[in-house]
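[1] Sequence first, predicted coordinates after that:
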Amino acid sequence: MPPILELIGLRKRFGALDALADVSLSVAPGELVFVLGPSGSGKSTMLRCCNLLERPDEGAVVLEGRDIAARGVDLDAARKRIGMVFQAFNLYPHLSALANVTLALRKALRLPRAEAEARGMAALDRVGLADKARNMPGQLSGGQQQRVAIARAMALEPAVMLFDEPTSALDPELVDEVLAVMRELRAAGMTMLVVSHEMRFARAAADRVVFMDRGAVVEQGPPERIFEAPRSERLRAFLSRRA
Ligand code: ADP
Ligand code: MG
């Protein structure tokens, strides 16, 4: 099957720093690709290039067969095909869980209120929060807020979902409920690119693990191979520090 998302030769500089040196990566439909690497290795920059929150200096971001990093592409249309979930949930504090989800639907897809609410409720139901639809973010736990953020992204029915350390801001006891939702998404066939430090999740749910260091993909492979038989010295050192 052709990849649903393909990054080809991405470069991104911040001043003198090569945040992405030459990153190529492809994600097949329904695949969960897990990205790990030290802090500052370019993981967030790579994800942000996928939906053009950062514009790469060089390279292509081919989404569903089209280079969305090329000049003249309708970015709003392309971004609707990519859902993103951040470490900080970024919910509007003055809007209910449901209103946070429907706002995206009404703004991005221009759905009428009733249809947006029906779709919003279905999305909240998928993350197990239909009964919290009227709660304000302040009345939800961190794990629940992150599940609302996932519902908000999913409601747009994107082709790919990007996750940037989705559990890093959570108390440890709240991590599993978010990972469980992500596993359900994967089981339902969602294509996912996940930056995280949750190695147990990578072992249990990833189709492929990509190790980045200093703005480059150093090594990639199935989780067992990456964790049991790392080939590069840099990956071995990274894993031993985290063990
Ligand atoms: P990671 O997510 O792997 O921790 P990042 O992609 O956030 O890494 O950052 C990669 C490098 O680029 C880091 O050295 C970081 O300081 C730098 N960087 C990221 N964003 C910017 C920016 N907007 N301006 C300047 N430097 C940045
Ligand atoms: Mg980061």
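    Happy to help now that I have it. Ligands and ions are numbered 1, 2, ... in the order given.

[2] mind exporting stretch 119-133 as CSV, just the C-alpha atoms?
    Taking C-alpha atoms only, stretch 119-133 is exported to CSV below (Å, rounded to 0.1, in the frame of the first residue of the first chain):
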residue,chain,number,x,y,z
ARG,A,119,-20.5,14.3,15.8
GLY,A,120,-19.0,15.8,18.9
MET,A,121,-21.0,13.5,21.2
ALA,A,122,-20.0,10.5,19.1
ALA,A,123,-16.3,11.5,19.5
LEU,A,124,-16.6,12.0,23.2
ASP,A,125,-18.3,8.6,23.5
ARG,A,126,-15.4,7.0,21.7
VAL,A,127,-13.0,8.3,24.4
GLY,A,128,-15.4,7.2,27.2
LEU,A,129,-16.5,10.7,28.1
ALA,A,130,-20.1,11.1,26.8
ASP,A,131,-21.2,11.6,30.4
LYS,A,132,-18.8,14.6,30.9
ALA,A,133,-19.8,16.5,27.8
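
[3] Buried residues of that stretch, list them for me.
    Using 16 or more other CB atoms under 10 Å as the test for burial, stretch 119-133 gives Arg119, Gly120, Met121, Ala123, Leu124, Arg126, Val127, Leu129, Lys132, Ala133. Backbone N, C-alpha and C define where each C-beta goes, glycine included.

[4] Which residue is it, in the chain, that comes closest to ligand 2?
    Going by CB to the ion, ligand 2 is nearest to Ser44 of the chain, at 3.2 Å.

[5] part of a strand, is Glu6?
    Yes. Residue state for Glu6 (DSSP: H, G, I helix; E, B strand; the rest coil) corresponds to a strand.

[6] Could you check how far it is from Gln87?
    Counting by CB to CB, to the nearest Å, the gap from Glu6 to Gln87 is 25 Å.

[7] Can you tell me which residues in this protein are near ligand 1?
    Selection of the chain residues close to ligand 1 by CB under 6 Å from any ligand atom yields Phe14, Leu17, Ala19, Gly37, Ser39, Gly40, Ser41, Gly42, Lys43, Ser44, Thr45.
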